[in-house]
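Undergrad: Sequence first, predicted model second:
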Amino acid sequence: MEKTIHDRELGVILLRTSPRATRYTLKISKGSITAIMPIGGDELRMLAFIRENKAKLQAALAKHPARPLLTEETVMETATFRLHIFCTDRASFYMKLEEGLLHIACPTRTDFSDERVQKLLKEFIEKALRHEAARLLPERLMGLASRYDFTCTGVKIFNSRSHWGSCTPRKSINLSLSLMLLPWYLIDYVLLHELCHTVEMNHSDRFWKLMDRVTDGKAGMLRKELKKYHML
């Protein structure tokens with residue numbers, strides 16, 4: 001079962017059942033609430049659960065607002081290019097990345113509120129970010145590894161929506177293409193964070209002391225600033 005309910009203060013809430021659910025849960029993603037209950041669950045009980053947690057939900061929604069639509073008015077500045085979405089007299093969409101601009105051309109009557117259009121525009125941006133990440137991040141990571149005497153056995157670019165990067169026990173590092181949405185000094189912070197994990201595979205005091213050493217004592221400040229940014 002899946003249905004939507006409307007709350008004056010919380011907005012649209014997706015109510016659904018799941019065979020894997022064993023209890024009543026509430027999740028927030030991109031400014032919307034999903035209420036999940038077990039098969040055969042009581043909808044009235046779920047609604048009461050939502051009311052009981054309204055204050056917490058409002059606070060969480062304020063921290064995780066809905067992403068604005070990608071349109072001709074969208075302003076996006078990445079580490080290497082600016083986004084330029086525009087409509088033109090053609091029947092199909094196309095993209096071109098050149099001279100620091102990602103041009104995305106859309107048919108004249110494009111409905112930017114259409115989920116399919118949003119998905120396509122996001123795929124174009126993702127493709128450009130992946131290209132730039134693969135072109136620049138491995139070399140930059142290896143340069144930092146050499147500078148601070150770290151050992152890295154490999155680098156991969158992936159599309160994580162939850163982690164800027166990760167490090168394996170074999171000292172291979174995975175980097176999210178969304179890193180290209182950050183300014184370069186925060187990109188370097190993440191790269192150094194993962195390089196420090198090649199020495200300390202945890203977030204112990206030793207790890208943060210190492211991070212402070214390679215960031216001139218700015219690890220805490222940079223960590224706090226990184227939390228202001230969102231992935232693609």
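TA: Perfect, thanks for sending it.
Undergrad: Show me what secondary structure element comes after the longest helix seen in the chain.
TA: Counting by DSSP state H, the longest helix found in the chain is helix 115-148. Next helix or strand after helix 115-148 toward the C-terminus (DSSP states H and E): strand 154-158.
Undergrad: what's the neighbour count on residue 197?
TA: 22 (other C-beta atoms under 10 Å). Every residue, glycine included, has its C-beta placed from N, CA and C.
Undergrad: Cross-check the contact I'm expecting between residue 105 and residue 89.
TA: No: between residue 105 and residue 89 there is no contact under C-beta atoms under 8 Å: 9.8 Å.
Undergrad: higher neighbour count, these two?
TA: residue 105 (17 against 7).
Undergrad: between the one helix or strand the more buried one maps to and helix 115-148, how big is the angle?
TA: Using DSSP H and E, residue 105 sits in strand 101-107. With axes from the mean of the first three to the mean of the last three C-alpha atoms, to 10 degrees defining the directions, strand 101-107 sits at 170 degrees from helix 115-148.
Undergrad: what is the rounded mean pLDDT of strand 101-107?
TA: Per-residue pLDDT over strand 101-107 has a mean of 98.
Undergrad: could you say what helices and strands it packs with?
TA: If contacts are counted by 3 or more C-beta pairs under 8 Å, 6 or more residues apart in numbering; DSSP states H and E, strand 101-107 sits against strand 82-88, strand 94-98, helix 115-148.
Undergrad: at 6 Å what do you get?
TA: Judged by 3 or more C-beta pairs under 6 Å, 6 or more residues apart in numbering; DSSP states H and E, strand 101-107 is in contact with strand 82-88, strand 94-98.
Undergrad: from those strands, which stretch is densest packed?
TA: strand 82-88 (a mean of 15; mean count of other C-beta atoms under 10 Å).
Undergrad: residues near residue 230, how many?
TA: 12.
Undergrad: Please apply the same query to residue 19.
TA: Count around residue 19 with other C-beta under 10 Å applied: 6.
Undergrad: Ok, the one 5 residues further on next?
TA: One way to gauge burial is a neighbour count; for residue 24, by other C-beta under 10 Å, it gives 16.
Undergrad: before we move on, what about residue 173?
TA: If we define neighbours as other C-beta under 10 Å, then residue 173 has 26 of them.
Undergrad: ok, it touching residue 196?
TA: No: using C-beta atoms under 6 Å, residue 173 is not in contact with residue 196, being 10.9 Å away.
Undergrad: on that earlier part again, distance from the chain centre to the longest helix of the chain, please.
TA: 12 Å (C-alpha atoms, centre = their mean, to the nearest Å).
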